[in-house]
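Colleague: sequence and predicted structure are below.
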Amino acid sequence: QMASQYFSIFELADSASSHAYALFLTLGKPSGFVSARDFQKALWWYSGAFEVGVLPMPPVFSGGELWNSGFREAAALRTLFGGEPSPGRPQKIATGKVEMPSLFVCGS
């Protein structure tokens, strides 16, 4: 859960371009996106998935708690983007029967 702090950051309306384009320059551009606007559209997938409840939102931890637990990158993101600690939100919609072999891994 501590390593998944980026989920709450992806939900921000302007996460790809805010904070001097930090997410776009570190994640979007290296992944082949040509603009922060295009990358933001990909990030909106997460907002929709959380909103309808097909994905649970992990708890939000403070930068200090993340740092002290050894999650330095997550602590840096939390410190840069902010966010109040919260307990997260459960998944609302079950995934259902998957007809082909798959691997879905979540946890700490």
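Modeller: Here it is on my side, so go on.

Colleague: got the buried residues for the lengthiest helix in the chain?
Modeller: Identified as the longest helix of the chain according to DSSP state H is helix 36-52. Neighbour-count burial for helix 36-52 flags 36, 39-40, 43, 46, 49-50 (criterion: 16 or more other Cβ atoms under 10 Å). In this view, the C-beta of every residue, glycine as well, is placed from N, C-alpha and C.

Colleague: kindly report the same for stretch 82-96.
Modeller: Neighbour count says stretch 82-96 has residue 83 buried, by 16+ other Cβ under 10 Å.

Colleague: CA atoms of that stretch as CSV?
Modeller: Coordinates of each C-alpha in stretch 82-96 appear next as CSV, following Å, rounded to 0.1, in the frame of the first residue of the first chain:
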residue,chain,number,x,y,z
GLY,A,82,0.8,16.8,-0.8
GLY,A,83,-2.3,15.0,0.4
GLU,A,84,-3.8,14.3,3.7
PRO,A,85,-3.5,10.9,5.2
SER,A,86,-6.7,8.9,4.7
PRO,A,87,-7.8,5.2,5.2
GLY,A,88,-8.4,4.6,1.4
ARG,A,89,-11.6,3.3,-0.2
PRO,A,90,-12.7,-0.3,-0.8
GLN,A,91,-13.4,-1.8,-4.2
LYS,A,92,-17.2,-1.6,-4.9
ILE,A,93,-17.6,-3.8,-8.0
ALA,A,94,-16.3,-7.4,-8.1
THR,A,95,-14.0,-8.2,-11.0
GLY,A,96,-16.1,-11.3,-11.9
